[in-house]
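A.B. asks: Give me a 3D structure for the following:
(chains A and B)
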Protein chains: 2
Amino acid sequence: MTVDTAWPELSELLGDRITRSKSELEAHGGSESYFPLTPPDLVAFPETTEEVAGLMRICARHGVPVVGWGAGTSLEGQAQAFQGGLCVDFARMNRIIEVAQGDMDARVQPGLTREALNDELRATGLFFPVDPGANASIGGMASTRASGTTAVRYGTMRDNVLGLEVVLADGRIIRTGTRARKSSAGYDLTGLFVGAEGTLGLITELTLRLHGQPEAITAAVCAFDTIGGAVRAVTDAIQMGIPMARIEFVDAATVAVFNSYADAGLDEVPHLMIEFHGSPGSVAEDAAVFGDIVADHAGRGFQWATDPEDRKALWTLRHHAYWAILASRPGARAVVTDICVPISRLAEAVEATQADLEAHGIAGPILGHVGDGNFHAILMFDPADAAELGRVKAAADRLVSRALDMGGTATGEHGIGIGKKGFMQREHGEAWSVMGALKRALDPENILNPGKLAPDAN
Amino acid sequence: MTVDTAWPELSELLGDRITRSKSELEAHGGSESYFPLTPPDLVAFPETTEEVAGLMRICARHGVPVVGWGAGTSLEGQAQAFQGGLCVDFARMNRIIEVAQGDMDARVQPGLTREALNDELRATGLFFPVDPGANASIGGMASTRASGTTAVRYGTMRDNVLGLEVVLADGRIIRTGTRARKSSAGYDLTGLFVGAEGTLGLITELTLRLHGQPEAITAAVCAFDTIGGAVRAVTDAIQMGIPMARIEFVDAATVAVFNSYADAGLDEVPHLMIEFHGSPGSVAEDAAVFGDIVADHAGRGFQWATDPEDRKALWTLRHHAYWAILASRPGARAVVTDICVPISRLAEAVEATQADLEAHGIAGPILGHVGDGNFHAILMFDPADAAELGRVKAAADRLVSRALDMGGTATGEHGIGIGKKGFMQREHGEAWSVMGALKRALDPENILNPGKLAPDAN
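C.D. replies: All right, here's what the predicted structure looks like:
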């Protein structure tokens, strides 16, 4: 077996920082999602880019698959070694290399988590805005093109990664992008590796765009009698150009979970959760205009959270929603859908989703980043009940079909992995074969995260 | 010759919309830059994507190079057929296919010009913000990853193209992206074709992100005694998060040209030109804070332009700067530099550029998009004086070297073409060979704009 022939060389390179211990393999074989445990054959903990390159060269020679591992929070099986091989855990490459305050950027290693980065940045007056909820690693967030609650204002990882260092399939090390804010110097390699899920190379360093901590922040929740009213308030606000920093929708079922999980004390109807960033004057102006829009759509019961503790409580509620929803049905797991549609179709998409789930008797609270047209239904099932999983997956398929029919995408922010791969041909048509050509060009032996995202090699 | 063998088929496909007439060939052989006239062998005027695909299939069979043509405003020779072949002029594919007001996007054909698009959009309350100055075609702007005066606020073409239709080297037609605002569904093909200068495919349709016309706009110029003062005022404003919609620097030499060309009546010292977009309240607040920063750097002589005519005059001055500078030395042509550096190095880069030009006796007014760290020196030379061109090119090389040493890029927005190709290896190192691998994967016969951007085929 290839792993066995590679082992002596790998072991010589990393010593006791590469392991075949069963507990480590199992700790790197799962995810927060519904896929079965699939342990890799080996787990490595490199400390430098050169070590990653050395691992790659050995694995290339022996034909061993290589899968990157950040914080293990991906939802589509991206970090699982379904074909075995080497799991490269970036836990020991988790440093901030440099914060350049004047340039408002930072060079970091891929294993750094989002929360650790922002803790370090706090004293600088800067922050990294991309916030997928989970305390994911920055390398993983780049690899899945993550976004989250703040993308409506600050963009996704696509917009906030200025440059990368990448180890290619043959062990070569390249740098993409520069420290300049923009460039027209050739193909956008940074953009190609962001969202590539480790199928084209392993990211070993990232240069991130930082933003100034806003002078004033204010957040609120407000209630609506209908999903349509809430969603249409958001689309009006977007079209009026109100600069929302976050704008989240939660349906009545999600609010019920908030109430039982965290005593939120909210009316069990659809809500919007909103945040404004700016100067004290602009935040007040934005909030007033938004209040008028909400009133136009029969929204009510504004609860403002201006002090930091209240705001933190509000967003913790939102960030823990996935766990709270799972906790509402002990033992359940979930298929998390992630469609994103044009804003003009959003109300229709949410309403159709809810109607579909009701018609099929599926418990699936809905919540999401409505400012981007992106929302999730958390479709719960009993892992011991294969028939229920089948029904849930069929519902997830219908959601995606509906999104594609509306000109949208199967995944706004969770990525493809293996979970969404079945939709790639339908979403992209012939363009998926172009992705396959790119994959073959950069990884001709198909050892980088094989079986994910791209068409299967012949 | 390959063109001769292809001609009967091409002619049958397009009839009198493909030509070998000398005047058309010459009209498609030049550019606004300093490169010699290099006419293609044929010029085609397709009207549909299917016709473009048909042209590509024929050219692929006969090994005929294919070069796209928009408005002919590129500055690095991108649209010139240095290896002969077929020039595909998109003049007849210049329609707006659809404006989706609710989604704030538009589907357009590549030959549409920026100004024609915004004229059409005026009544909708929306606009397309990317403004390189020249009335370029949208397809050309995407292909060079153009930006311009508004990128500091609205981003570049990278940020404002949501999706594409592309004809590949073998004539296949693909679609990239969706109508959704974000997606994590596989490799970012849209980002790969934007900035590829027609070397990976021909763009036949674009979905563009539109923005709401701001409720209030105010613009101003102000004077500084030193370059350093002006640039440092900008970096302070960026770090304070003031949302500038445009922020342009012009040096004393450029101001002198404004005065002689357009009676601008400005002190012949460095100036900043600034614009704010927002609500009446936010614009006033931004202007006040910016005024304080300017005063901190000994800036003075604010002239505000709040009514549309005054603003138009101000930006016309800026947009005509290139022509005004050329007119200041009759018969001269220019090498236009385009470096972009990290903001923290910008004052140093501008000052070093001016000192270098002075030391070498080169007339080179400096102006640029300082909010992005991007500026141009317009290095004039007498086209009959090869020695002067040599000196000017040597100065341009030194500028780029300095930018790369500072962590910047050879080109912020004009692209590579052939003019900047000599810097690709130095800027990208091994990553340039990755661009070569992508080029070979998508255009194995090297017929798409051969000789530009990517490493030469072996």
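A.B. asks: Can you pull the residues of the stretch 351-458 of chain A lying near chain B?
C.D. replies: Taking Cβ under 8 Å from any Cβ of the partner chain, the part of the stretch 351-458 of chain A that reaches chain B is made up of A:372-374, A:403, A:406-416, A:420, A:423-424, A:427-432, A:434-435, A:437-438, A:440-442, A:453-454. Every C-beta, even on glycine, is put in place using the N, C-alpha and C of the backbone.
A.B. asks: same thing but 6 Å
C.D. replies: By Cβ under 6 Å from any Cβ of the partner chain, the residues of the stretch 351-458 of chain A that approach chain B are A:372-373, A:407-413, A:415-416, A:427, A:430-431, A:434-435, A:437-438, A:441, A:453.
A.B. asks: in the stretch 1-150 of chain A, what residue is nearest chain B?
C.D. replies: Using Cβ to the nearest Cβ, the closest approach of the stretch 1-150 of chain A to chain B is made by A:Gly102 at 3.5 Å.
A.B. asks: Any idea what A:His211 is bridged to?
C.D. replies: A:Phe127 (DSSP bridges).
A.B. asks: That one: neighbouring residues, count only.
C.D. replies: 18 (other Cβ atoms under 10 Å in any protein chain shown).
A.B. asks: Does it touch A:Phe128 like I think?
C.D. replies: No. Checked against Cβ atoms under 6 Å, the pair A:His211 and A:Phe128 is beyond contact range at 7.6 Å.
A.B. asks: circling back to that earlier point, just the buried residues of the residues of the stretch 351-458 of chain A next to chain B.
C.D. replies: A:372-373, A:407-413, A:415-416, A:427, A:431, A:434-435, A:437-438, A:441, A:453 (16 or more other Cβ atoms under 10 Å in any protein chain shown).
A.B. asks: that older thread, the residue of the stretch 1-150 of chain A closest to chain B: how many residues sit nearby?
C.D. replies: Using other Cβ under 10 Å, A:Gly102 is surrounded by 13 other residues.
A.B. asks: same deal with A:Gly15?
C.D. replies: 7.
A.B. asks: Let me know whether my guess that it is in a strand holds.
C.D. replies: No. Counting by DSSP: H, G, I helix; E, B strand; the rest coil, A:Gly15 is not part of a strand but helix.
A.B. asks: mind listing what it touches?
C.D. replies: With contact set as Cβ atoms under 6 Å, 6 or more residues apart in numbering or on different chains, A:Gly15 has no partners.
A.B. asks: Show the contacting residues for the residue of the stretch 1-150 of chain A closest to chain B.
C.D. replies: Counting by Cβ under 6 Å, 6+ apart, A:Gly102 touches B:Ser344.
A.B. asks: before we move on, what about the one 5 residues further on?
C.D. replies: Shown here is A:Arg107, whose contacts under the criterion Cβ under 6 Å, 6+ apart are A:Ile97, A:Glu98, A:Thr207.
A.B. asks: switch the cut-off to 7 Å
C.D. replies: A:Arg107 makes contact with A:Ile97, A:Glu98, A:Glu205, A:Thr207 under the criterion Cβ atoms under 7 Å, 6 or more residues apart in numbering or on different chains.
A.B. asks: And A:Thr218, by the same measure?
C.D. replies: By Cβ under 7 Å, 6+ apart, the contact set of A:Thr218 is A:Phe276, A:Val283, A:Ala287, A:Trp304, A:Thr306.
A.B. asks: Distance of it relative to chain B?
C.D. replies: Applying Cβ to the nearest Cβ, to the nearest Å, the value for A:Thr218 to chain B is 15 Å.
A.B. asks: Near chain B, which residues of the stretch 51-200 of chain A? Just list them.
C.D. replies: Selection of the stretch 51-200 of chain A residues close to chain B by Cβ under 7 Å from any Cβ of the partner chain yields A:100, A:102-104, A:144-145, A:147, A:151, A:156, A:158-159, A:172, A:174-176, A:178-189, A:191-192, A:194-196.
A.B. asks: For A:Met1, give me the pLDDT.
C.D. replies: For A:Met1, the model assigns a pLDDT of 55.
A.B. asks: should've said A:Glu285
C.D. replies: 89.
A.B. asks: Tell me, how many residues neighbour the residue nearest to it when sequence neighbours are not counted?
C.D. replies: Distances taken as Cβ to Cβ, 6 or more residues apart in numbering or on different chains put B:Gly281 closest to A:Glu285, at 5.5 Å, once the chain neighbours are dropped. Here the number of neighbours of B:Gly281 (other Cβ under 10 Å) works out to 14.
A.B. asks: which is the next helix or strand following the host helix or strand of B:Gly281?
C.D. replies: Assessed by DSSP states H and E, B:Gly281 sits inside helix B:280-296. If you walk from helix B:280-296 toward the C-terminus, the next helix or strand you reach (DSSP H and E) is strand B:300-305.
A.B. asks: Show me what counts as buried in that next one.
C.D. replies: Along strand B:300-305, these residues count as buried under the neighbour rule (16+ other Cβ under 10 Å): B:Phe302, B:Ala305.
A.B. asks: so what strands line up beside that strand?
C.D. replies: Here strand B:300-305 is paired, per DSSP bridges, with strand B:216-223 (antiparallel).
A.B. asks: Other residues contacting the helix or strand following the strand it pairs with?
C.D. replies: The C-terminal neighbour of strand B:216-223 among helices and strands, as given by DSSP H and E, is helix B:227-239. Contacts to helix B:227-239, defined as Cβ under 7 Å, 6+ apart, come from residues A:102, A:104, A:212, B:224, B:244, B:247, B:249, B:251, B:270, B:272, B:290, B:293-294, B:297-299, B:343, B:346-347, B:350-351, B:354, B:370-371.
A.B. asks: 8 Å instead, please
C.D. replies: Contact with helix B:227-239 is made by A:101-102, A:104, A:212, B:152, B:224, B:244, B:247, B:249, B:251, B:270-272, B:289-290, B:293-294, B:296-299, B:343-344, B:346-347, B:350-351, B:354, B:370-371, as judged by Cβ atoms under 8 Å, 6 or more residues apart in numbering or on different chains.
A.B. asks: quick one, it and helix B:280-296 angle?
C.D. replies: Relative orientation of helix B:227-239 versus helix B:280-296 (axes from the mean of the first three to the mean of the last three Cα atoms, to 10 degrees): 140 degrees.
A.B. asks: For helix B:227-239, list the C-alpha coordinates in PDB.
C.D. replies: Extracted in PDB, the C-alpha atoms of helix B:227-239 (Å, rounded to 0.1, in the frame of the first residue of the first chain):
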ATOM      1  CA  ILE B 227       3.400  65.500  -2.300                       C
ATOM      2  CA  GLY B 228       4.000  63.900   1.100                       C
ATOM      3  CA  GLY B 229       1.400  66.100   2.800                       C
ATOM      4  CA  ALA B 230      -1.300  65.200   0.200                       C
ATOM      5  CA  VAL B 231      -0.600  61.500   0.200                       C
ATOM      6  CA  ARG B 232      -0.400  61.300   4.000                       C
ATOM      7  CA  ALA B 233      -3.800  63.100   4.200                       C
ATOM      8  CA  VAL B 234      -5.200  60.200   2.100                       C
ATOM      9  CA  THR B 235      -3.700  57.500   4.200                       C
ATOM     10  CA  ASP B 236      -5.000  59.100   7.400                       C
ATOM     11  CA  ALA B 237      -8.500  59.300   5.800                       C
ATOM     12  CA  ILE B 238      -8.400  55.600   4.800                       C
ATOM     13  CA  GLN B 239      -7.200  54.500   8.200                       C
END
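A.B. asks: hmm, the following helix or strand past that helix touching chain A?
C.D. replies: Using DSSP H and E, the next helix or strand after helix B:227-239 towards the C-terminus is strand B:244-250. No. In terms of Cβ under 8 Å from any Cβ, no part of strand B:244-250 sits within range of chain A; the closest distance is 12.3 Å.
A.B. asks: What helices and strands are in contact with strand B:244-250?
C.D. replies: Under the contact criterion of 3 or more Cβ pairs under 8 Å, 6 or more residues apart in numbering or on different chains; DSSP states H and E, strand B:244-250 touches helix B:151-154, helix B:227-239, strand B:271-278, helix B:308-319, strand B:366-369.
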